[in-house]
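Student: How does the following fold in three dimensions:
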Amino acid sequence: MIHDDLPDHPEGEYGAIKIPDAWHVLSLLCFLAALGARYLIALVPGDLRGAFFRPVLTAYSVPVLAAVGVVFGLLGLRNPEGRGTARVALFLNVVVLALGVLALVAFFYILPD
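Tutor: Alright, predicted model coming up:
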């Protein structure tokens with residue numbers, strides 16, 4: 001059977017499954033994970049983290065999670081249906097990223113050599 005002879009089934013059982021873009025939702029989840037980074041780091045087993053490195057690991061994870069959220073938010077801007085939510089998620093993640101980087105800079109500025 002030639003490809004041109006196949007019937008076109010835009011709807012029905014042979015139609016393509018369309019999964020909506022959920023980048024804006026993933027961006028908001030990254031924002032929530034950045035807010036709860038302290039609790040997420042507490043879930044890491046004690047053998048993998050030392051007592052001294054727990055605050056530092058939390059301080060590093062917040063900007064990383066926010067940066068991933070920014071990337072997901074930028075991907076969410078491509079979809080017109082979720083563009084408003086993606087803008088809000090992008091704004092929240094950029095604020096968390098800026099504050100997280102500022103906290104890291106202040107931490108290392110205050111930390112004695």
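Student: so where does the spatially closest residue to residue 26 that is not a sequence neighbour fall, helix or strand?
Tutor: Leaving aside its sequence neighbours, residue 26 sits nearest to residue 72 (CB to CB, 6 or more residues apart in numbering; 4.4 Å). Quick note: C-beta positions are derived from backbone N, CA and C, even for glycine. In the assignment (DSSP states H and E), residue 72 maps to helix 53-76.
Student: How many neighbouring residues does residue 31 have?
Tutor: Residue 31 is flanked by 26 other residues according to other CB atoms under 10 Å.
Student: so which strand or helix has it?
Tutor: Here residue 31 is assigned to helix 23-35, by DSSP H and E.
Student: Also compute the angle for that helix relative to helix 53-76, please.
Tutor: Angle, helix 23-35 to helix 53-76, by axes from the mean of the first three to the mean of the last three CA atoms, to 10 degrees: 170 degrees.
Student: Show me which positions of helix 23-35 end up buried.
Tutor: Judged by neighbour count using 16 or more other CB atoms under 10 Å, the buried positions of helix 23-35 are 23-31, 33-34.
Student: returning to what we had before: any idea how far the helix holding residue 72 is from the middle of the chain?
Tutor: When C-alpha coordinates are averaged (CA atoms, centre = their mean, to the nearest Å), helix 53-76 and its chain have centres 7 Å apart.
Student: nearest to residue 87, of the buried residues of helix 23-35?
Tutor: The shortest gap between residue 87 and any of the buried residues of helix 23-35 belongs to residue 24, at 8.6 Å (CB to CB).
Student: residues touching the closest one, list them.
Tutor: Neighbour list for residue 24: 72-73, 76, 79, 82-83, 85-86, 89 [criterion: CB atoms under 8 Å, 6 or more residues apart in numbering].
Student: run the last query once more with 7 Å
Tutor: For residue 24, the contact set (CB atoms under 7 Å, 6 or more residues apart in numbering) comprises 73, 76, 82, 85-86, 89.
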